[in-house]
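Colleague: 3D model of this:
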Amino acid sequence: NKMLLDCYHSWVVLFFLAYFALQVIYARRKYKISPPETTGHPEFERIFRAQVNCSEYFPIFISLLWVAGIFFHQGVAAACGLLYLYTRYEYFQGYAVAAQGRLGPLYASARLLWLLLGLAVAGLLAHFLLP
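Modeller: Sure, this is the predicted structure:
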């Protein structure tokens, strides 16, 4: 059911956003950095930056996921979506340890966004141009 799949993805995305936000809260407590400060201990800064970066890309991801799922294929879009979420989790974990640790997952997540964009465009073209 398409609606069930959309609901599932929404909950998974909300879980990831909440997880990233909680990591920032824990880091603030650990390094005694009160809001609205965004600088301090280097580990806090990496965790904060990772959370911000992940949050910045989620609207793009969700938009592409929905369009690819609606106009291309639900299963393919869902698989790409789950892989994307995994790469962003790995990005976050890698960035929290060292700035260089973010690069591999960053490139993988970018490739998945490009794939979702391609699927969305192909689905839209097929929907509007083919009888």
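
Colleague: give the contact list for Gln23.
Modeller: 47, 50-51, 92, 96 (CB atoms under 8 Å, 6 or more residues apart in numbering). In short, each C-beta sits where N, CA and C put it, glycine included.

Colleague: Which elements pack onto the helix or strand harbouring Ile70?
Modeller: Secondary structure from DSSP states H and E places Ile70 in helix 42-71. Counting contacts by 3 or more CB pairs under 8 Å, 6 or more residues apart in numbering; DSSP states H and E, helix 42-71 packs against helix 2-31, helix 74-97, helix 103-129.

Colleague: Check the ones you listed for me and report the most buried one.
Modeller: Highest mean neighbour count of those: helix 74-97, a mean of 18 (counted as mean count of other CB atoms under 10 Å).

Colleague: who's in contact with it?
Modeller: Applying CB under 8 Å, 6+ apart, the contact partners of helix 74-97 are 2, 5, 9, 12-13, 16, 20, 23, 43, 46-47, 49-51, 53-54, 57, 61, 65, 68-69, 100-106, 108-109, 112-113, 115-116, 119.

Colleague: The same query, at a cut-off of 6 Å, please.
Modeller: Helix 74-97 has contacts (CB atoms under 6 Å, 6 or more residues apart in numbering) with 2, 5, 9, 16, 46-47, 50, 54, 61, 65, 68-69, 101-102, 105-106, 108-109, 112, 115-116.

Colleague: And for stretch 50-65?
Modeller: Residues outside stretch 50-65 that contact it (CB under 6 Å, 6+ apart) are 20, 24, 77, 81, 84, 88, 92, 95, 116-117, 120.

Colleague: Farthest-apart pair in the residues you listed, please.
Modeller: Val24 and Ala120 (30.7 Å; CB to CB).

Colleague: now the helix-or-strand element of the chain with minimal mean pLDDT, how far from the centre of its chain.
Modeller: Least confident helix or strand of the chain, by mean pLDDT, DSSP states H and E, is helix 2-31 with a mean of 84. Helix 2-31 sits 10 Å away from the centroid of its parent chain (CA atoms, centre = their mean, to the nearest Å).

Colleague: relative orientation of that helix and helix 74-97 in degrees?
Modeller: Interaxial angle of helix 2-31 relative to helix 74-97 (axes from the mean of the first three to the mean of the last three CA atoms, to 10 degrees): 0 degrees.
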